[in-house]
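**Student:** How does the following fold in three dimensions:
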Amino acid sequence: MVKIKFVRELDQMIYKDQLRDKQLMWRVIDDFELEILDRDPEEINQSLSQMFYYVDLKPLIIERLINQYYYYDFDEINTILSFAAQMLLTDQYEEVSFLSDLRLTMKRYFSLEEDQDDFDYDQQKQLFFKQAGWLIDEVTARAIDEKKQDEQYQIFLESLRQYVKKQEFGPLCLVRWQSNKIEIYRGNGHKYTREEIEECLLEAPIHIYQFVEDEEQISPFLALNPQQILIYPEDDNDPLLTSLQNIFDERLTIIHNQPFPFSET
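**Tutor:** Here you go, the predicted model:
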C-alpha cells in the first residue's frame with residue numbers, strides 16, 4: 001500500500017480519475033490523502049507522471065508556445081503538445097538519447113522508491129520546478145522540432161506518392177519482411193536477386209530523393225513500382241511498413257497470420 005499526499009483537494013480529485021483509468025484500487029483517507037491498495041509501482045509511477053504533465057506542465061508549455069514562439073493556431077498547438085506528451089509519458093523516443101533523457105528526468109521526481117510507502121505529490125512537484133524547471137523549455141523546443149521534422153517528412157512522402165503514381169506499374173510482388181532482411185519475390189515465386197534490384201535502382205530516376213539509412217529499404221519498391229504488394233511481416237510495428245503504406249496506399253496489403261507462400265532460397 002502507498003499513501004499519496006496532496007495539498008489541493010482538486011489535485012486529489014484529478015488523481016482519482018487517473019487511478020480509475022488504470023483500474024487501481026484505492027481508498028480516501030481524508031480530503032488531501034489517498035491510499036492505493038494495489039502495489040503496482042509501474043502503474044502508480046505512470047499515473048503520477050500523467051497527473052503532473054496534464055495538470056502542471058501542459059498549461060506551462062501552452063503558455064510558452066503562445067508567448068515565446070507565437071503559436072496561435074489551436075491545431076498546431078495540439079500537435080506540438082502531442083509530441084511533448086510522447087516524449088515525457090511514453091517510450092517512443094527511448095532510442096533517441098537526448099529525448100529519452102527528458103522523460104527519465106521527469107520520472108525521477110514522480111516515481112516510487114523501492115518499498116516507499118508515502119509519496120508527497122506537492123513536495124515532489126516543488127522539487128521538480130526548483131531543480132528541473134529547465135525541462136519545460138527543453139521539451140517545448142524539442143516538440144516544435146519534431147513537428148517541423150514531421151511536416152518535412154510528410155512533404156517527402158507526398159512527393160514519393162506522386163512519383164509512384166506517374167511511373168509505369170510493375171508486376172505483383174510478395175515480400176518476406178523480417179527485422180534483419182527483406183526479400184522480394186515475383187508472383188511466380190522468383191526471388192529478386194541483389195543484382196536485379198541494383199539494376200532496377202540504376203534505371204529508376206529516384207536518385208533525386210535523399211534517403212536516410214533506414215529508408216533505403218523503400219527504394220527497391222519505388223524502382224519496381226509493383227501493381228500490388230503483398231507483405232508478410234515478422235513485426236507489424238516496423239515504422240517502414242507505415243511509410244510504405246503511406247506511399248502505395250491501396251496497392252499494398254499486409255498479410256497477417258499466414259505463412260509466406262515461397263520457400264527461402
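**Student:** use CA for all of it now, contacts and neighbours both
**Tutor:** Will do.
**Student:** Who are the contact partners of residue 182?
**Tutor:** 175-176 (CA atoms under 8 Å, 6 or more residues apart in numbering).
**Student:** for it, phi and psi?
**Tutor:** Residue 182 has phi and psi values of phi -130, psi 120 when expressed as degrees, to the nearest 10.
**Student:** Check it and give its pLDDT.
**Tutor:** Note on residue 182: pLDDT of 90.
**Student:** From residue 198, how far out is it?
**Tutor:** 14 Å (CA to CA, to the nearest Å).
**Student:** do the same with residue 81
**Tutor:** 42 Å.
**Student:** who has more neighbours, the two?
**Tutor:** residue 81 (22 against 14; other CA atoms under 10 Å).
**Student:** Report the contact partners of the more buried one.
**Tutor:** 58, 61-62, 143.
**Student:** The same query, at a cut-off of 10 Å, please.
**Tutor:** With contact set as CA atoms under 10 Å, 6 or more residues apart in numbering, residue 81 has these partners: 58-59, 61-62, 65, 75, 87, 139-140, 143-144, 147.
**Student:** likewise residue 113?
**Tutor:** Contacts of residue 113 by CA under 10 Å, 6+ apart are 41, 45, 119.
**Student:** Helix, strand or coil: sort out the last one for me.
**Tutor:** This points to residue 119. strand (DSSP: H, G, I helix; E, B strand; the rest coil).
**Student:** Any idea what it is bridged to?
**Tutor:** The bridge-partner assignment for residue 119, based on DSSP bridges, gives residue 4.
**Student:** need the helices for the stretch 101-250 of the chain, in chain order.
**Tutor:** Using DSSP state H, counting those that start in this stretch, the helices of the stretch 101-250 of the chain run over 121-132, 134-166, 194-203, 219-224, 239-248.
**Student:** Out of the ones you listed, which gets nearest to residue 11?
**Tutor:** Across these, residue 11 has its closest neighbour in helix 121-132 (9.2 Å, CA to CA).
**Student:** buried sites along that closest one?
**Tutor:** Buried residues in helix 121-132, counted by 16 or more other CA atoms under 10 Å: 121-122, 124, 128.
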